[in-house]
Each structure stands twice: as structure tokens, then as C-alpha cells.
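Participant: Sequence plus the predicted model coming up.
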Amino acid sequence: MIELFRSNDPVVISFAEALLRDAGIEHATVDQNMSIMEGSIGILPRRMLVPRHHHQTARRILEEAGLGRELS
């Protein structure tokens, strides 16, 4: 798995998850528990990971959806 992007914004994360799920791209959102440990104030970003072989396709999908500025 390779990092696709990082974000503190739960709406962006949810939107990206929906886009990737609809495209059939496996993904994982990590560091959610770190956010809970910090008190859920949003300082620590969550990372979205995708398999290396889907990375370019996932990037293209998010760019076309207007999330290009979020990409790593």
C-alpha cells in the first residue's frame, strides 16, 4: 500500500472513500485512532492508502473530482 493523500477534513476523507469504493479500488484510511487519542481536535492528519498498482488510477479519480490539491 502507498499513501495517496493526508487530510484532517473528515468530509474530504469520506468523499474520497466513496469515490474509490465506487471505482472498485481497495483503500485503507489509517491514523484514525491517533486522532481519537489527541482528543479529536483534528491536529493529526489521517492517511489514505491504496495498492501500488492502483495508485495512478486513484490519483486520476480524485483529481477529476476536484481533490487534486489533497494528493501527496
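Facilitator: Right, received. Where do you want to start?
Participant: what's the weakest-modelled helix or strand in the chain?
Facilitator: The least trusted helix or strand in the chain, going by mean pLDDT, DSSP states H and E, turns out to be helix 32-37, with a mean of 62.
Participant: So which residue is smack in the middle of this structure?
Facilitator: Nearest to the mean C-alpha position of the chain, by CA atoms, centre = their mean, lies Met48 at 3.3 Å.
Participant: Wasn't that one part of a strand?
Facilitator: Yes: read with DSSP: H, G, I helix; E, B strand; the rest coil, Met48 is one of the residues of a strand.
Participant: hey, what's it bridged with?
Facilitator: Phe5, Thr29 (DSSP bridges).
Participant: Does it touch His27 like I think?
Facilitator: Yes: the criterion here is CB atoms under 8 Å, and Met48 meets it with His27 at 5.9 Å. Where you see a C-beta, it was placed from the backbone N, CA and C, and this is true even at glycine.
Participant: Now do the contacts for Ser7.
Facilitator: Applying CB atoms under 8 Å, 6 or more residues apart in numbering to Ser7 gives the contacts Ile13, Ala16, Pro45, Arg46, Met48, Glu70.
Participant: For it, report the pLDDT, please.
Facilitator: Looking at Ser7, its pLDDT is 91.
Participant: Might you list the low-confidence residue ranges for this protein?
Facilitator: 33-42 (pLDDT under 70).
Participant: all helices of it, in order?
Facilitator: For the chain, the helices defined by DSSP state H occupy 10-22, 32-37, 55-64.
Participant: Thank you kindly, that will do.
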